[in-house]
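> here is my input, please return the structure:
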Amino acid sequence: NATYSERLQIGYRWYTANGVAPKFPFGHGLSYTTFGYSNLQVASGSSEAVVATVSFSLTNTGRVAGAEVAQLYIGFPASAGEPPRQLRQFGKFFLQPGASQTVEFTLSDRDVSIWDVVVHDWARVQGSFNIFVGASSTDIRLTGQVTL
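Residues are numbered from 1 along each chain as shown. Model (predicted):
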């Protein structure tokens, strides 16, 4: 028998839960330009396919063209017993200097569910979810909340 005492808190999830700053956080990347994040909008959806929509503006604030990998993390309600932040969506966006793009991520029923060991199936969690958007697991630029 193997004992997994860390449970779900492995990798970036452990660092976040324990307040440890890694040298190279999950999702970290280097660029010759800079990007700004703004105008976060979070809305609950109306179907299993889309239970929530997260959108924001991504702007190349630097002087050269470049790409950014924007990442969406969620934080389950504390009652779920999940790690504090979990990656759910990401996308790579190429922008010219000064250009902006609206980025939209959707969360499905599965994205807000956890495995129920009693019934051996996914169970949707109800409550208030924290929304985190950023460039890596530790470089969070926008935060919001949605109740499902």
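> can we go C-alpha only for contacts and neighbour counts from here?
Will do.
> in space, what's closest to the residue positioned nearest the centre of the chain - neighbours in sequence excluded?
With distances taken as C-alpha atoms, centre = their mean, Tyr73 lies nearest the centre of the chain, 1.4 Å away. Spatially, and ignoring its direct neighbours in sequence, Tyr73 is nearest to Leu87 (4.2 Å; C-alpha to C-alpha, 6 or more residues apart in numbering).
> figure out the helix or strand that the one you found lives in.
In the assignment (DSSP states H and E), Leu87 maps to strand 86-95.
> just checking: what are the partner strands of that strand?
Using DSSP bridges, the strands paired with strand 86-95 are strand 66-75 (antiparallel).
> contacts for the strand it pairs with?
Residues from elsewhere that reach strand 66-75, judged by C-alpha atoms under 8 Å, 6 or more residues apart in numbering: 27, 31-33, 35, 60, 82-97, 105, 129-137.
> let's see that with 7 Å instead.
Strand 66-75 has contacts (C-alpha atoms under 7 Å, 6 or more residues apart in numbering) with 33, 84-96, 129-136.
> and that strand, what's buried?
66-68, 70-75 (16 or more other C-alpha atoms under 10 Å).
> which stretches of this structure have low pLDDT?
Scanning the chain for pLDDT under 70 picks out no residues.
> give me that answer again for 80
Counting by pLDDT under 80, the chain has low-confidence residues at 2-13, 15, 22-28, 48.
> okay, helices next: where are they in it?
For the chain, helices defined by DSSP state H occupy the ranges 12-18.
> which residues in it form strands?
35-44, 52-60, 66-75, 86-95, 100-107, 113-116, 121-124, 128-134, 140-147 (DSSP state E).
> those strands into TSV, with extra columns for distance to Ile10?
Converted to TSV, those look like this (distance: least, C-alpha to C-alpha, whole Å):
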stretch	distance to Ile10
strand 35-44	28
strand 52-60	26
strand 66-75	15
strand 86-95	11
strand 100-107	23
strand 113-116	16
strand 121-124	21
strand 128-134	19
strand 140-147	19
